[in-house]
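Here is a sequence together with a model predicted from it:
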Amino acid sequence: MDYERPTLGGHPGPAGLDSHPGAVDNHSDSWSPMTAPSAHSSSVTAGRIRLAYDEALGPVLSAGNAFPCRSRVAYGDWLAQTYHYVFHTSRLIALAASRCDAHHDAFHRRLVEYLGEEKDHDLLLLDDLAALGYSLDEFPEDPLTAAFWQVDYYRVEHQTPLALFGRSLLLEGAAAERGSLMAEVVADAHGEKAASFLRVHGEEDPGHVERAFATLEGVEEAEATVIAAALTQSGVLYRGMLDNIRRRAGH
């Protein structure tokens, strides 16, 4: 995939790097910011992220509604694919937090908190798989699942660490809207012990979404563009992953 690196302010790169404003210094230990946005620009950029969120979330919720979670094999595959990207969540959060400099301290602190909130969620997925009678190695990682987390490493390292908010907003928004309902359906079909991941996210994520939007009120226009693009791309990849699971399960 080709990505256009956004302009993130008037910080020229050193020799050997792109010299246009906003080029990423890969020799730096943190990502350098820019100028403080005005109140008007903050409102505009926050609105852009909110619009991208709404446009990405709706189709994901529709795909989730159509997903055959009462099917043991389809739900088991979903748990496995979710594990494959959740395994990288804490690593991506730690990477993104390390790339925020002093001018983005509020984002750094939120990411550190987020890291604690996501602790051991990958283990919940393995427990749910075991409750279904499956093991992880029975479900190879789907290519779209791999793309779902791989692109975030690129965005965090080469665009802005705030790009990670794109994926997290989409997933937490979906969990806030449907997590508890899906947990009830799964518990009814497969037993409560197979629904722990959905149960936890259905209970915890509703507050995370608005908190993330509040944190993003101060982002710059270029940052908002990257976050919005991450939201859109995450939605497309996630829906593709669900479609592939359905096809494998014969649905």
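Nice, thanks for sending it over. Numbering: from 1, shown residues only.

Go ahead and confirm Val200 touches Lys119.
No: using Cβ atoms under 8 Å, Val200 is not in contact with Lys119, being 11.1 Å away. All C-beta spots, glycine's among them, are computed from the backbone N, C-alpha and C.

For those two, indicate the residue with more neighbours.
Of the pair Val200 and Lys119, Val200 is the one with more neighbours under other Cβ atoms under 10 Å, namely 16 against 10.

Grab the nearest non-local neighbour of that one.
The shortest distance from Val200 to any non-neighbouring residue, by Cβ to Cβ, 6 or more residues apart in numbering, is to Leu124 (6.3 Å).

May I have the residues that are in contact with that neighbour?
For Leu124, the contacting residues are Ser196, Phe197, Val200, by Cβ atoms under 8 Å, 6 or more residues apart in numbering.

ranges for the helices of the stretch 151-251 of the chain?
Under the criterion DSSP state H, counting those that start in this stretch, helices of the stretch 151-251 of the chain are mapped to 164-174, 180-190, 196-215, 221-248.

of those, which approaches Phe107 most closely?
With distances scored as Cβ to Cβ, the stretch of the helices of the stretch 151-251 of the chain nearest to Phe107 is helix 196-215 (6.6 Å).

what angle do the closest one and helix 164-174 make?
Angle of helix 196-215 versus helix 164-174, following axes from the mean of the first three to the mean of the last three Cα atoms, to 10 degrees, is 130 degrees.

which strands and helices sit next to helix 196-215?
For helix 196-215, the contact count by 3 or more Cβ pairs under 8 Å, 6 or more residues apart in numbering; DSSP states H and E identifies helix 39-65, helix 105-117, helix 121-132, helix 164-174, helix 180-190 as packing neighbours.

Return the distance of that helix from the chain's centre.
Per Cα atoms, centre = their mean, to the nearest Å, the displacement of helix 196-215 from the mean C-alpha position of its chain is 12 Å.

quick one: contacts of that helix?
Helix 196-215 is contacted from outside by 46, 49-50, 79, 82, 106-107, 110, 117, 121, 124-125, 127-128, 165, 168-169, 172-173, 175-176, 178-183, 186-187, using Cβ under 8 Å, 6+ apart.

Many thanks, I have nothing further to ask.
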